[in-house]
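Asker: Any chance you could fold what I've pasted below:
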Amino acid sequence: MHLVKYSELLTLESDVLNVIRREGVFHRLPTLNTAAHQAQIVKQYKQPVNIHLAFTLPMRLREDQQASAIERDVHVGCLAVGSPDDDEILQLSYSVLVGRDAHPSRKIARKFHFDFEPAKCRNVDEAKPTFHMQLCGKLSPHHLSQGYTEDDVGHLLPSWSKPRVPTQPMSLALILNWLFMEFSSEAKVHEIRHNAVWQKTVRAAERKVLLPYYQRCADFLSSHAKDEESFFQALLYEAP
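Answerer: Prediction:
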């Protein structure tokens, strides 16, 4: 189940990078602005996307011993592969890594990724939500190039692939906006989140990615055509 075409996804993600590059408010997060300038997306549906945004974000946690926010390392990656035969998405994954201590630090506090894996592309013998969040996972070549090692992530048990958590579809705008909302107590992050151009970009992603998904969910839940199948089984897991 995925109602966004690969070419539409490329446009959405390209628009996000362009907003971060051009909108002046993002100069308040200079490392994110620089990362967006370095990321490149070829807007052709047969070309895969493999981009990584490495930046710092001021975070104020209840667990911190100091009152001021701490600039922590954040890595957000997008890997997308389209079908060579049509405009469909074959693989889509968004990774998020958050450092534990102030920049620079190799200590990892959180690492997870959001996956879309269509039913036709996975092992039918293994139950798996089509859209899911997975804790930890292996380090990518990008993480290794940034100096992280397997020792830095070992405490998160990267070899454990289950349980996967069913979730909604994601996009680059939705993930970044979620992070901005989580840490918007800082003035510069709050300003970015409420910037009119950024809000318009997020709403465009919500309409393109979330609206058809939730419409399909509502249609299933309101129908009695498949009362012998649960919503989890038939729609979230697309189980045979």
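Asker: Going by C-alpha atoms from here, please, whenever you check contacts or count neighbours.
Answerer: Will do.
Asker: Just give the nearest non-adjacent residue to the residue nearest to the spatial centre of the chain, would you?
Answerer: Nearest to the mean C-alpha position of the chain, by CA atoms, centre = their mean, lies residue 94 at 3.7 Å. Of all residues not flanking residue 94 in the chain, residue 78 sits nearest, at 4.6 Å (CA to CA, 6 or more residues apart in numbering).
Asker: wait, isn't the one you found in contact with residue 49?
Answerer: Yes. Between residue 78 and residue 49 there is a contact under CA atoms under 8 Å: 7.0 Å.
Asker: So for those two, which sits in the more crowded spot?
Answerer: residue 49 (22 against 19; other CA atoms under 10 Å).
Asker: OK, contacts around the residue lying closest to the more buried one once chain neighbours are set aside?
Answerer: Leaving aside its sequence neighbours, residue 49 sits nearest to residue 80 (CA to CA, 6+ apart; 4.9 Å). Listed by CA atoms under 8 Å, 6 or more residues apart in numbering, the contact partners of residue 80 are 48-50, 89-93.
Asker: what lines up beside the helix or strand containing residue 80 in the sheet?
Answerer: Assigned by DSSP states H and E, residue 80 belongs to strand 70-82. Paired strands of strand 70-82, with direction, are strand 49-59 (antiparallel), strand 89-102 (antiparallel) (DSSP bridges).
Asker: Reformat those strands as JSON lines; add distance to residue 69 and mean pLDDT.
Answerer: Shown next, in JSON lines, are the strands paired with strand 70-82 (distance: least, CA to CA, whole Å; pLDDT from 0 to 100):
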{"stretch": "strand 49-59", "distance to residue 69": "5", "mean pLDDT": "96"}
{"stretch": "strand 89-102", "distance to residue 69": "9", "mean pLDDT": "94"}
